[in-house]
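Novice: sequence first, predicted coordinates after that:
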Amino acid sequence: MNDVPGKLVVISGPSGVGKTTLLRRLLADLPTLIPSVSATTRPPRAGERDGVDYHFLAQDEFDRRRAAGEFLECCQVYGRQHWYGTLVAEVEPRLAAGKWVVLEIDVEGTLSVLRLYPQAITIFVEPSRPEQLFERLKGRGTESPEAMARRLEVAHRELHEAHRYRHRVVNENVDEALAEVKRIFAAEGFDDDPVPAASHTP
Ligand code: 5GP
C-alpha cells in the first residue's frame, strides 16, 4: 500500500481550531493538491454542498458502503453521534496517479490511516491557547450547547494526541499558519509547479 507514487497528507486538529479555513486557503494556493471528500451521516450545515464539503449519506447507505469495504477508515466522531469516513475511491486512484491527496480527519482516523500508509505526512493544527476553541465554536454558532460541550471535551482529549503527528502548526493567525504549512509541504517535497521544465520553453 505504501509504494504508491503520490503522497498522502493528513491534517487534524480540535474542533474550532480553524483547520477548515486553513485547508480552504491551502487548496486555493496549491491547485494541484487534491482534497479527499469524506462521507458522513451528519446532516449538512447551511451552505454545505453534497459531494463538495462531504458526501452526505443516510445511515443505511453508510453502513452498506462500510460493509462493502469502501472505506479506508471510518469512525464515529464525537461519542455516539455521527459517522465519518474516508472513501478508498477518493484516495487510492489519485495516489496511484502520483497526486498529493489531503485528508482532514480526526485523530482516531489518522491512526487507522497510518497503519495503512505509515509514510503519510501528518500535521496537527493546534490553538495558541485552549480558550481559542471555545471562542471560535461559540462565534460559529452552528452547534447546540450539548454538541459544543461534546466537541470541546473531544478537543481537549485530542490536544493530548498532538505528539503522534509528524508536524505541529499553531493557528494563532491564519496567514502565519498557512505559511508554516506551505513550508512543511516544501520540506516534504511538494512541487508547486509540476509542469516539466521543458514545457516552459517557447
Ligand atoms: P465537522 O462535523 O465539523 O465537519 O467535522 C467533525 C470532525 O470530523 C472533524 O474533526 C473532522 O476532522 C472529522 N472528520 C471529517 N471527515 C472525517 C473522516 O473521513 N474520517 C474521520 N475519521 N474523521 C473525519
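Specialist: Yep, that arrived.
Novice: neighbours around the single nearest residue of the chain relative to the ligand, how many?
Specialist: Nearest to the ligand, among the residues of the chain, is residue 109, at 2.3 Å (CB to the nearest ligand atom). Every residue, glycine included, has its C-beta placed from N, CA and C. Neighbourhood size, residue 109 [other CB atoms under 10 Å]: 23.
Novice: contact partners for the residue nearest to residue 8 when sequence neighbours are not counted?
Specialist: For residue 8, ignoring the flanking residues on the chain, the nearest one in space by CB to CB, 6 or more residues apart in numbering is residue 120 at 4.3 Å. Shown in contact with residue 120 (CB atoms under 8 Å, 6 or more residues apart in numbering): 7, 8, 9, 10, 113, 114.
Novice: following the worst-scoring helix or strand of the chain on mean pLDDT, which helix or strand shows up next?
Specialist: The weakest-scoring helix or strand in the chain, judged by mean pLDDT, DSSP states H and E, is helix 131-140 (a mean of 80). Sequence-wise, the next helix or strand beyond helix 131-140 is helix 145-159, with elements assigned using DSSP states H and E.
Novice: could you list the buried residues of the helix or strand following that next one?
Specialist: Sequence-wise, the next helix or strand downstream of helix 145-159 (DSSP H and E) is strand 167-170. Buried residues in strand 167-170, counting neighbours by 16 or more other CB atoms under 10 Å, are found at 167, 169, 170.
Novice: stretch 142-153 too?
Specialist: 143, 148, 150, 151, 152.
Novice: surely the third one touches residue 77?
Specialist: No: contact status for residue 150 versus residue 77: not in contact, 9.9 Å apart, counting by CB atoms under 8 Å.
Novice: what does this protein put close to the ligand?
Specialist: 12, 15, 38, 42, 73, 75, 77, 84-86, 104-106, 108-109 (CB under 6 Å from any ligand atom).
Novice: ok, residue 130 - contacts?
Specialist: 156, 159.
Novice: ramachandran angles for it?
Specialist: phi -60, psi -30 (degrees, to the nearest 10).
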